[in-house]
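Enquirer: build me a model from this:
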Amino acid sequence: MILAPVAAIGRSTLGGLAALGRIAIFLVATIAAMLRPPFYFREFLQALWAIGYNSLPVVALTALFTGGALALQIYEGGARFNASQVVPSIVAIGMVRELGPVLGGLMVAARVASSIAAEIGTMKVTEQIDALVTLSTDPMRYLTVPRVLAATIALPVLVAVGDSIGILGGYLVGTGRLELNAAAYLKTTVDYLTLWDVTSGLIKGAVFGFIVALVGCYFGMNSERGAQGVGRATKSAVVTASVMILATNYLLTELFFSA
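Expert: Got it, this is the predicted structure:
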């Protein structure tokens, strides 16, 4: 009884490390499949539409309200130190460096990772993946590669749109609710943003898109039989993708901005 908690922790740790190892092997197999023909361009375009365009409303709304709320919080905090004029610069930097990529990645993870895992998991349950193998079609090239490439390309675009709308949300709240000068707000935003601020956020978006699609495909491919197996795969895909996005965001921030 004394060693039972320690054993439980050990089993959880070993299970987590084993899962990371399986995902790493799946990652290597995906990259290897990208480098060899054939390439299914039609599947890529369909995935690009589903992941990119269809995710635009939720990312835009999330960014708009986040930018507005961020402006309110910064104004209230800055007013205590007579520094309310920092609202435009902090909203802009916070959106393009952190909130835009992270919130965009989490929204896409909730929508896309679950969708990919459910779709591929259902294909596995109904033996459609076995049918692809029978027809001499590699499931990795046909199902995984187009989705991973589409998410890697689409998410930086979504992040760029989300950054713009988030800054717009801060502008609308700052000029309409907080009565800041509109011209000064725009000038401060432009003056304090640098090219690297924007570029770093787009790089994060590409990495997060790769993670979302890879995790969704992995759990879909490894889904257990039956409706419950598909449900567990969908839940695991969303949770794993979200945690990996947050962890990777810290590592990238440390890499990009640590002096």
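Enquirer: got a list of what Val91 touches?
Expert: Contacts for Val91 were tallied using CB atoms under 8 Å, 6 or more residues apart in numbering; they are Gly67, Leu70, Ala71, Ile74, Gly166, Ile167, Gly170, Gly174, Thr189. Where you see a C-beta, it was placed from the backbone N, CA and C, and this is true even at glycine.
Enquirer: show me where pLDDT drops low in the stretch 51-200 of the chain?
Expert: 78-84 (pLDDT under 70).
Enquirer: ok, 80 please
Expert: The model of the stretch 51-200 of the chain has pLDDT under 80 over residues 77-85, 178-179.
Enquirer: residue boundaries of the strands in it?
Expert: Under the criterion DSSP state E, counting those that start in this stretch, the stretch 51-200 of the chain contains no strands.
Enquirer: contact partners for the residue lying closest to Phe65 once chain neighbours are set aside?
Expert: Leaving aside its sequence neighbours, Phe65 sits nearest to Gly169 (CB to CB, 6 or more residues apart in numbering; 6.5 Å). Gly169 is in contact with Ala63, Leu64, Phe65, Thr66, Gly67, Gly68, Ala71, counting by CB under 8 Å, 6+ apart.
Enquirer: same thing but at 10 Å, please
Expert: 60-61, 63-71, 91, 95 (CB atoms under 10 Å, 6 or more residues apart in numbering).
Enquirer: also Gly94?
Expert: Under the criterion of CB under 10 Å, 6+ apart, the neighbours of Gly94 are Thr66, Gly67, Leu70, Ala71, Ile74, Gly100, Gly166, Ile167, Gly170, Asp197.
Enquirer: mind checking how far the residue nearest to Phe65 is from Arg36?
Expert: Here Gly169 is placed at a distance of 44 Å from Arg36 (CB to CB, to the nearest Å).
Enquirer: can you check Leu251 too?
Expert: Between Leu251 and Arg36 the distance, using CB to CB, works out to 30 Å.
Enquirer: same deal with Ala151?
Expert: Distance of Ala151 to Arg36, given as CB to CB: 20 Å.
Enquirer: these two: which has the busier surroundings?
Expert: Set Ala151 next to Arg36 and count neighbours by other CB atoms under 10 Å: Ala151 wins out with 32 against 11.
Enquirer: was I right to think that one contacts Gly104?
Expert: No - counting by CB atoms under 10 Å, no contact exists between Ala151 and Gly104, whose distance comes to 11.6 Å.
Enquirer: brilliant, that's me finished.
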